[in-house]
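>>> Provide a 3D model corresponding to the input given below.
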Amino acid sequence: MSDSSPVVVIGATGGQGGAVLDALLEAGVAVRALVRDAVSSKAAVLADRGVELAVGDIVSGVGLTDAFTGAAGAFALTTPFESGVDAEVAQGTALIEAATAASLPYLVFSSVASADRDTGVPHFDSKFEVEKMLAGTGIPHTIVGPAYFYDNLLAGADALAAGVMPIAMPADKPLQQLSRRDLGRFVATLFQDPGAHAGERIDIASDELTPAEMARAVGDVLGTTVSAESYDPERIPSADLSAMFAFLGDRGYEVDIPGLHRRFPEIEWQTFAEWAAEALRR
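Next comes the predicted model:
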């Protein structure tokens, strides 16, 4: 990969994109971040870190071709959570059209683990539609399928402080999970040798433990007792997220974690306990 050509990061001010941006910068890779507003406070922070800014929008597709032009590659993700799964597929279409127009040399697309396994989860299925569209192009690409992110736990910080970890799945069901830091490092590793990974679909996870084990690890960090409190996923207002937790409580992801970690030991995969010790003591 050329030292002078940047890697474009879509979602650079978000969780996934931010982790990828951090890892690329740590690896000495030039980064061009796609931002909606070049004068926002978040964009200013990126610019201060030496990141090139490109104004554009994955939702509308505006500015994508210009952002991709002259780049060594791009990390991209789509989202159904602003306008629904049909909009996510439309984002994928815009992404592919822009990458084709710019003759993008390599694309890493962040999907979700098990999206290719007919789960019936709406946003898994919409991401797989984008995957299938990509497969029909000549764009060299790798699909990364992240499992459940550790950081999702932080949405219930108040409950944790009260000694409860609510989760819409059985407390004794193993859940494959992922550190955002590890996602970033993994994607940065792919960009070190794109030719070695083009055409692959790789599901990734850092650790696997039950909600009950998660609660104990959180309690150890907080110095208190935390209990996993299971509830029916049908109580979740979002039909999409309800379907996801029903899937997680039944089939669950199927990442070959030992094989993955043997293949990519340089990631130094972060356990849930290690993540909790950092994230919950801040």
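>>> The stretch 51-200 of the chain: helices as residue ranges?
Applying DSSP state H, counting those that start in this stretch to the stretch 51-200 of the chain gives helices spanning 64-68, 85-101, 122-135, 157-161, 180-192.
>>> who does the fourth one touch, helix- and strand-wise?
Pointing back at helix 157-161 there. helix 211-222 (3 or more C-beta pairs under 8 Å, 6 or more residues apart in numbering; DSSP states H and E). Where C-beta positions appear, they are placed from N, C-alpha and C, glycine not excepted.
>>> likewise the second one?
Secondary structure elements in contact with helix 85-101, counted by 3+ C-beta pairs under 8 Å, 6+ apart, are helix 64-68, helix 122-135.
>>> Go through the ones you listed and pick out the most buried.
helix 64-68 (a mean of 23; mean count of other C-beta atoms under 10 Å).
>>> circling back: in TSV, list the helices of the stretch 51-200 of the chain along with mean pLDDT and distance to T79.
Output for the helices of the stretch 51-200 of the chain, formatted as TSV (pLDDT from 0 to 100; distance: least, C-beta to C-beta, whole Å):
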stretch	mean pLDDT	distance to T79
helix 64-68	97	15
helix 85-101	94	6
helix 122-135	96	8
helix 157-161	92	23
helix 180-192	98	15
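>>> Export those helices as CSV, with columns for distance to S40.
Shown next, in CSV, are those (distance: least, C-beta to C-beta, whole Å):
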stretch, distance to S40
helix 64-68, 16
helix 85-101, 21
helix 122-135, 26
helix 157-161, 26
helix 180-192, 21
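>>> nearest to V221, of these?
For those, proximity to V221 was assessed by C-beta to C-beta; helix 157-161 is nearest, at 9.6 Å.
>>> Let me know the secondary structure of the closest residue in space to I236 that isn't next to it in sequence.
Nearest residue to I236, sequence neighbours excluded (C-beta to C-beta, 6 or more residues apart in numbering): S242, at 4.2 Å. Secondary structure, DSSP: H, G, I helix; E, B strand; the rest coil: S242 is helix.
>>> Contact partners for S242?
Counting by C-beta atoms under 8 Å, 6 or more residues apart in numbering, S242 makes contact with A168, P233, E234, R235, I236.
>>> one more time with 7 Å
The neighbours of S242, taking C-beta atoms under 7 Å, 6 or more residues apart in numbering as the test, are P233, E234, I236.
>>> Distance check, it against V121.
Relative to V121, S242 is positioned 9 Å away (C-beta to C-beta, to the nearest Å).
>>> What of T224?
Following C-beta to C-beta, the distance that separates T224 from V121 is 34 Å.
>>> Tell me where the stretch 1-150 of the chain has strands.
Counting by DSSP state E, counting those that start in this stretch, one finds strands in the stretch 1-150 of the chain at the ranges 7-10, 31-35, 52-55, 73-77, 107-110, 141-146, 148-149.
>>> quick one, the longest one and helix 180-192 angle?
Put plainly, it is strand 141-146. Counting by axes from the mean of the first three to the mean of the last three C-alpha atoms, to 10 degrees, strand 141-146 lies at 170 degrees to helix 180-192.
>>> Counting by contacts, list what strand 141-146 packs against.
On a contact count with 3 or more C-beta pairs under 7 Å, 6 or more residues apart in numbering; DSSP states H and E, strand 141-146 meets strand 107-110, helix 180-192, strand 201-204.
>>> A38 contacts L53, correct?
Yes - A38 is within contact range of L53, at 5.0 Å (criterion: C-beta atoms under 7 Å).
>>> What is the burial count for D220?
Neighbour count for D220, taken as other C-beta atoms under 10 Å: 15.
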